[in-house]
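Enquirer: after the sequence you'll find the predicted model.
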Amino acid sequence: MRKPELAAAIADKTGLTRDKASEVINAVTDQISAAAARGEDTTLIGFGTFGIRAREARSGRNPQTGATIQIPASKTVGFKAGKTLKDAIR
């Protein structure tokens, strides 16, 4: 499901217009992104938690040349599904 399809589904379920539903989705994703930038987790009870994960530096291989390269440490966003979401997909 893409964002326009999600907005349409939310609009149908809530009675909002598709444009308003799209604004709500944008506001939610903006706030999750802002929290991640501050290093904070975002928990949606029953759905899951978006959190920052640290990746350690590691060795990798250039697929074109086969040469070994060093990949620096970095941060990424991870998602851990909540119980309700896990139960829904079983």
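Expert: Sure thing, it's come through. Residues are numbered from 1 along each chain as shown.

Enquirer: list the contacts for Arg58?
Expert: Residues counted as contacts of Arg58 (Cβ atoms under 8 Å, 6 or more residues apart in numbering) are 70-71. Heads up, the C-betas are built off the backbone N, CA and C, glycines and all.

Enquirer: bridging residues for it?
Expert: Beta-bridge partners recorded for Arg58 (DSSP bridges): Ile71.

Enquirer: now do Phe50
Expert: Per DSSP bridges, the residues bridged to Phe50 are Thr42, Phe79.

Enquirer: check it and give its pLDDT.
Expert: Predicted confidence (pLDDT) at Phe50: the value is 97.

Enquirer: give me the neighbour count for it.
Expert: Number of residues near Phe50 (other Cβ atoms under 10 Å) recorded here: 18.

Enquirer: ok, now which ones touch it?
Expert: Contacts for Phe50 were tallied using Cβ under 8 Å, 6+ apart; they are 32, 35-36, 41-43, 77-79.

Enquirer: can you put those in a markdown table and add distance to Ala7 and neighbour count?
Expert: Written out in a markdown table, the entries for the contacts of Phe50 read as follows (distance: Cβ to Cβ, whole Å; neighbours: other Cβ atoms under 10 Å):
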| residue | distance to Ala7 | neighbour count |
| --- | --- | --- |
| Ile32 | 16 | 16 |
| Ala35 | 22 | 16 |
| Ala36 | 22 | 18 |
| Asp41 | 26 | 14 |
| Thr42 | 20 | 17 |
| Thr43 | 23 | 14 |
| Val77 | 22 | 14 |
| Gly78 | 25 | 13 |
| Phe79 | 21 | 13 |
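
Enquirer: quick check, nearest of those to Asp12?
Expert: Out of those, the one with the shortest distance to Asp12 is Ile32. That distance is 23.4 Å, counting by Cβ to Cβ.

Enquirer: so what pLDDT did the residue nearest to that closest one when sequence neighbours are not counted get?
Expert: Leaving out its chain neighbours, the residue that sits closest to Ile32 by Cβ to Cβ, 6 or more residues apart in numbering is Thr42, at 4.9 Å. pLDDT for Thr42: 97.

Enquirer: what sits up against the host helix or strand of Leu85?
Expert: Following DSSP states H and E, one finds Leu85 within helix 83-88. Applying Cβ under 8 Å, 6+ apart, the set of residues contacting helix 83-88 from outside is 46-48.
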